[in-house]
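Visitor: I would like the atomic coordinates for the input below:
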Amino acid sequence: MKIKPHKKFENIFWLDNKICTKNLVKGKQVYGEKIIKIKNNEYRIWDPRRSKPSAAIYKKIQTFPIKSGTKILYLGIASGTTASHFSDIIGKKGIIYGIEISERVLRELLEVAEDRKNIVPILADAQTPEKYSWIEQVDVVYADVAMREQSDILIRNCEYFLKDDGYAIIAIKARSIDVTKSPTKIYNQQRKILERHFKVKEFVILDPYEKDHCMFILKKK
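Guide: Sure thing, here's the model as predicted:
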């Protein structure tokens, strides 16, 4: 097996035709992902059917602002599947502030964060950023919140926490907004909301990896 760095994105690799990240915590799986050992390193396969940013990379996005040392606010971090790969990418100099509303799910994240010292689990509602206003300014706000007001939640958090030159990334779940409208119509509606506050750098539909999902990569205006 031959490992090759991604041509555009830092700390992301191709292993044959699969995307992977270099394991920050050797010997540890997070969600049952396959681990490949090459020389003195371990690489974790980044499953596009379990993680929306991986799906977006497979769909050939050209912009991915997460790299070594990046500070991230992650809205809807859940049990840490995607966050663990972000953790690999940002390394020991980066940090992820992970907002999760479910106590049960957060307990699973705590186990991941115990090994990965660059993840800070926070039990909170992403709709009320004023309640975790102690968080520092970040380079990237990433949102994966399956709620009707998901774009508004991203905007509100960016107003609090995103640096002036920062990026926002949002995974839109069409069915969480309106089950009666076509996903395409919903994506267009959400674009109009987001464009009031951001420049849209990229838009990608995540099918077939994530049905009825899209992703926007945004730059603060």
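Visitor: Name the helix or strand for residue 179, please.
Guide: Using DSSP states H and E, residue 179 sits in no helix or strand.
Visitor: Closest to the centroid, which residue in this protein?
Guide: For the chain, residue 142 is the residue whose C-alpha lies nearest the centre (C-alpha atoms, centre = their mean; 5.1 Å).
Visitor: Helix, strand, or coil at that residue?
Guide: Classification of residue 142 using DSSP: H, G, I helix; E, B strand; the rest coil returns strand.
Visitor: Surely residue 115 is in contact with residue 29?
Guide: No: the criterion here is C-beta atoms under 8 Å, and residue 115 misses it with residue 29 at 10.5 Å. Glycine gets a C-beta too; all of them are placed from N, C-alpha and C.
Visitor: got the residue ranges for the strands in this structure?
Guide: In the chain, the strands defined using DSSP state E lie at 3-5, 13-15, 18-22, 35-38, 41-45, 71-75, 95-100, 119-123, 138-143, 162-173, 198-205, 213-220.
Visitor: need the contact list for residue 215.
Guide: Neighbour list for residue 215: 52-53, 55-56, 61, 169-172, 202-204, 206 [criterion: C-beta atoms under 8 Å, 6 or more residues apart in numbering].
Visitor: if we can go back for a sec, can you put the strands of the chain in CSV and add mean pLDDT and distance to residue 82?
Guide: Compiled in CSV, the strands of the chain are given as follows (pLDDT from 0 to 100; distance: least, C-beta to C-beta, whole Å):
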stretch, mean pLDDT, distance to residue 82
strand 3-5, 94, 20
strand 13-15, 96, 17
strand 18-22, 97, 11
strand 35-38, 95, 17
strand 41-45, 97, 12
strand 71-75, 98, 8
strand 95-100, 98, 10
strand 119-123, 98, 11
strand 138-143, 98, 8
strand 162-173, 96, 9
strand 198-205, 97, 16
strand 213-220, 96, 12
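Visitor: For the ones you listed, could you give me JSON lines that also reports distance to residue 81?
Guide: Below are those laid out as JSON lines (distance: least, C-beta to C-beta, whole Å):
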{"stretch": "strand 3-5", "distance to residue 81": "22"}
{"stretch": "strand 13-15", "distance to residue 81": "18"}
{"stretch": "strand 18-22", "distance to residue 81": "12"}
{"stretch": "strand 35-38", "distance to residue 81": "15"}
{"stretch": "strand 41-45", "distance to residue 81": "11"}
{"stretch": "strand 71-75", "distance to residue 81": "11"}
{"stretch": "strand 95-100", "distance to residue 81": "12"}
{"stretch": "strand 119-123", "distance to residue 81": "12"}
{"stretch": "strand 138-143", "distance to residue 81": "13"}
{"stretch": "strand 162-173", "distance to residue 81": "13"}
{"stretch": "strand 198-205", "distance to residue 81": "19"}
{"stretch": "strand 213-220", "distance to residue 81": "15"}
